[in-house]
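S.K.: 3D model of this:
(one chain, ligands or ions: 2)
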Amino acid sequence: MTKELPIISPDKFHDECAVFGVFGHEEAANLTYLGLYALQHRGQEASGIVAGDGEQFFVQKGMGLVADIYHKSVLDKLPGHMAIGHNRYSTAGGNDLKNVQPLIVNFALGNLALAHNGNLINAQVLRNELEAYGAIFQSTSDSEVIIHLIAHSKADSFLARVIDALSQVRGAFSIVLMTDNGLIAARDPHGLRPLCIGRLHSSWIVASETCAFDLLDAEYVREIEPGELIVISDQGLDSHRPFPKMNPAMCVFEYVYFARPDSRIFGANAVYATRKALGRQLAQESWVPADVVIPVPDSGVPAALGYAEGGGIRFETGLIRNHYVGRTFIEPEQSIRHFGVKVKLNAVPEVLYGKRVVVVDDSLVRGTTSRKIVKMIRQAGAKEVHMRISSPPIISPCFYGIDTPTKKELIASDHSTEEIRKYITADSLAYLSLDGMLKSAPGTPDQYCNACFTERYPIPFTRAEELQLGLFESAH
Ligand code: AMP
Ligand code: SF4
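M.R.: Ligands and ions are numbered 1, 2, ... in the order given. Got it, this is the predicted structure:
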């Protein structure tokens, strides 16, 4: 009976990640280190690099930031012409190195390492089935399911096994696999998470975002397409389209918040420009007379510039961020998060005193940050505080790899904008409309996933998945 299946802890979905891979460079591990350094914003809890010389894998993993984990002495022990790496947000399963990717196995066909960005919605269902057949899991990571499916596949070649495995998983995957022969990079048929390919002289590079290429002076080649699988080996690059074609559902939240503004994602050179356009649109939709527009740094900066430009109001820096504190969002306890906002941001009274202030942030999740910020701005002497959010209310969790709390904790899931305004104690609060957000992003609105704003999940859940993802109540 599906009803007896365990509900996955919400921690499982805290899976923001970066993936990176290099093939054909004698300093593959060093390049991977640099790539992961540039991709630090996609995950700060743990990181791992696996390098390969065609016969053996060499591994380094650790908890914490890239700069703290890899020292020269460590990188010197990672020889080989290929490497893959991963930065992980999640602490699912505790501070256990077993959950830190790349996951590595040695099975009948040799060495295999996997780095995965995204979440699989049927991971637990597949895991239960695999365990019933005797599979022994090493970690609590849903990505390990892919490895077991490859190992258990009856297909006759390694590539066929990978395709067989990836055809069974549902959800978001941008993955890089490494074997003794080369790399395989693949993106799920909806293209939920970004993944792109670049070149550095004669070597190939794969990364979640192009800011990793820029640091290496590598050249951007192209986005790996939704549903595309690329084999990278001594023979060069070989592209496959093994999965049934699906409607694209790229994560619009990558544009709103997650990707670095200097990156190119989803084939468009437009993260920064999109964020500005979101702000301009917001000014059009909810202009308010004010003396200054200030961003919540750093995430709100481009949108605030757009709002100021579009609304004809002076842009100022009214909040200063301490860059040496991690993102408040990743603090595990509510009590620490409250504390974290104060540690992280401080107001500039000379900008705010006696002013009517518009504060722009990219998103409002629990409302805790906005509440603290409004209070801080008032304490600095502001006359009015108007909160503007450059995305619509987040009403439902992401099951595809962006860390959002449970529905219950999402303040907009059961509070009106007026109730939230009262909670954050602002004089006014306005969100960007769904249409306004979608028309500010490149391409057409129907190419994006917007489920956290609309509850319209692009991949239908089976009954067993609903139960396991804790969706039962909201879906029925
Ligand atoms: P909250 O206090 O929960 O409303 O958090 C809102 C803040 O969290 C905003 O400043 C956002 O930039 C930031 N934020 C939104 N989504 C995420 C995320 N997935 N991870 C980390 N921070 C986030
Ligand atoms: Fe992105 Fe939201 Fe869709 Fe998750 S639910 S993939 S955060 S748009």
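S.K.: the strands in the stretch 101-250 of the chain, which residues?
M.R.: 103-107, 110-117, 174-178, 183-187, 196-200, 203-207, 219-223, 229-233, 236-240, 250-251 (DSSP state E, counting those that start in this stretch).
S.K.: wondering if the third one reaches ligand 2 at all.
M.R.: This points to strand 174-178. No: judged by C-beta under 6 Å from any ligand atom, strand 174-178 stays clear of ligand 2, getting no closer than 11.7 Å. C-beta coordinates here come from the backbone N, C-alpha and C atoms, glycine included.
S.K.: that strand pairs with which strands?
M.R.: Sheet pairing for strand 174-178, assigned by DSSP bridges, gives strand 110-117 (antiparallel), strand 183-187 (antiparallel).
S.K.: and whichever residue of the stretch 51-200 of the chain sits closest to ligand 1, how many residues sit next to it?
M.R.: Here the stretch 51-200 of the chain gets closest to ligand 1 at one residue, Tyr89, 7.8 Å apart by C-beta to the nearest ligand atom. Using other C-beta atoms under 10 Å, Tyr89 is surrounded by 21 other residues.
S.K.: quick one on the thing from earlier: comparing the strands of the stretch 101-250 of the chain, which yields the minimum mean pLDDT?
M.R.: For the strands of the stretch 101-250 of the chain, the bottom mean pLDDT is recorded on strand 103-107, which sits at a mean of 93.
S.K.: contact partners of that one?
M.R.: Identification of contacts with strand 103-107 by C-beta atoms under 8 Å, 6 or more residues apart in numbering yields 50, 57, 59, 111-114, 138-139, 141, 143-144, 147, 151.
S.K.: can you flag the buried ones in these?
M.R.: Val50, Phe57, Asn111, Leu112, Ala113, Leu114, Ser139, Ser141, Ser143, Glu144, Ile147, Ala151 (16 or more other C-beta atoms under 10 Å).
S.K.: who's in contact with the closest residue to the second one other than its chain neighbours?
M.R.: Distances taken as C-beta to C-beta, 6 or more residues apart in numbering place Asn111 nearest to Phe57, at 4.9 Å, with adjacent residues excluded. If you count contacts by C-beta under 8 Å, 6+ apart, Asn111 has them with Gly52, Gln56, Phe57, Ile104, Val105, Met178, Thr179, Asp180.
S.K.: for PyMOL, write a command that selects the buried ones of those.
M.R.: Burial among the contacts of Asn111 is assessed by 16+ other C-beta under 10 Å; the matching PyMOL selection reads:
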select buried, resi 52+57+104+105+178+179
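S.K.: can you list the contacts of Asn111 in a markdown table and add distance to Ser433?
M.R.: Putting the contacts of Asn111 into a markdown table (distance: C-beta to C-beta, whole Å) gives the following:
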| residue | distance to Ser433 |
| --- | --- |
| Gly52 | 49 |
| Gln56 | 55 |
| Phe57 | 49 |
| Ile104 | 46 |
| Val105 | 47 |
| Met178 | 44 |
| Thr179 | 47 |
| Asp180 | 52 |
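S.K.: dump the contacts of Asn111 into a markdown table; add distance to ligand 1 as well.
M.R.: A markdown table is the format used below for the contacts of Asn111 (distance: C-beta to the nearest ligand atom, whole Å):
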| residue | distance to ligand 1 |
| --- | --- |
| Gly52 | 32 |
| Gln56 | 37 |
| Phe57 | 31 |
| Ile104 | 28 |
| Val105 | 30 |
| Met178 | 28 |
| Thr179 | 32 |
| Asp180 | 36 |
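S.K.: returning to that earlier point: right, so of the strands of the stretch 101-250 of the chain, which gets closest to Val385?
M.R.: Closest approach to Val385 among these is made by strand 250-251 (30.6 Å; C-beta to C-beta).
S.K.: does ligand 1 sit close to the closest one?
M.R.: No: Strand 250-251 does not reach ligand 1 (C-beta under 6 Å from any ligand atom); its nearest approach is 10.9 Å.
S.K.: name the strands paired with that strand and say parallel or antiparallel.
M.R.: strand 448-449 (parallel).
S.K.: which residues touch the partner strand?
M.R.: His190, Leu192, Pro248, Ala249, Met250, Cys251, Val252, Tyr400, Leu438, Ala441, Tyr457, Pro458.
S.K.: among those residues, name the ones in helices.
M.R.: Val252, Leu438 (DSSP state H).
S.K.: how about the residues of the stretch 351-476 of the chain by ligand 1?
M.R.: 361-370, 402-404.
S.K.: closest one of the residues you listed to Ala412?
M.R.: Lowest distance from Ala412 to these (C-beta to C-beta) belongs to Leu364, with 7.0 Å.
S.K.: neighbours of the closest residue to Asp238 other than its chain neighbours, how many?
M.R.: Spatially, and ignoring its direct neighbours in sequence, Asp238 is nearest to Val231 (4.4 Å; C-beta to C-beta, 6+ apart). Counted with other C-beta under 10 Å, the neighbours of Val231 add up to 21.
S.K.: same check on Glu254?
M.R.: Neighbours of Glu254 (other C-beta under 10 Å): 24.
S.K.: can I assume it sits in a helix?
M.R.: Yes: counting by DSSP: H, G, I helix; E, B strand; the rest coil, Glu254 falls inside a helix.
S.K.: contacts only, for it.
M.R.: Contacts of Glu254 by C-beta under 8 Å, 6+ apart are Arg193, Pro194, Ile265, Phe266, Val271.
S.K.: what two of those are the furthest from one another?
M.R.: Arg193 and Val271 (14.1 Å).
S.K.: list the contacts of stretch 229-248.
M.R.: 21, 23-24, 159, 162-163, 166-167, 181-191, 197, 204, 206, 224-228, 446-448, 458.
S.K.: give me the buried entries from these.
M.R.: Counted by 16+ other C-beta under 10 Å, the contacts of stretch 229-248 give 21, 23-24, 159, 162-163, 166, 181-191, 197, 204, 206, 224-228, 447-448, 458 as buried.
S.K.: take the contacts of Glu254 and keep only those in helices.
M.R.: Using DSSP H, the contacts of Glu254 in helices are Val271.
S.K.: may I ask which of the contacts of Glu254 has the most neighbours?
M.R.: The member of these surrounded by the most neighbours (other C-beta under 10 Å) is Arg193, with 31 neighbours in all.
S.K.: any idea which element the residue of the chain most remote from its centre lies in?
M.R.: Here the chain reaches farthest from its C-alpha mean at Gly354, the gap being 38.8 Å by C-alpha atoms, centre = their mean. Counting by DSSP states H and E, no helix or strand carries Gly354.
S.K.: follow-up on the earlier one: out of the buried ones among the contacts of stretch 229-248, which touch ligand 2?
M.R.: Okay, of those, nothing touches ligand 2 (C-beta under 6 Å from any ligand atom).
S.K.: show me where the stretch 301-450 of the chain has helices.
M.R.: Taking DSSP state H, counting those that start in this stretch as the criterion, the stretch 301-450 of the chain carries its helices at 301-311, 334-344, 349-352, 368-379, 417-424, 434-440.
S.K.: rebuild those as a markdown table, extending it with mean pLDDT and mean neighbour count.
M.R.: Shown next, in a markdown table, are the helices of the stretch 301-450 of the chain (pLDDT from 0 to 100; neighbours: other C-beta atoms under 10 Å):
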| stretch | mean pLDDT | mean neighbour count |
| --- | --- | --- |
| helix 301-311 | 98 | 24 |
| helix 334-344 | 61 | 15 |
| helix 349-352 | 97 | 18 |
| helix 368-379 | 95 | 21 |
| helix 417-424 | 98 | 16 |
| helix 434-440 | 98 | 19 |
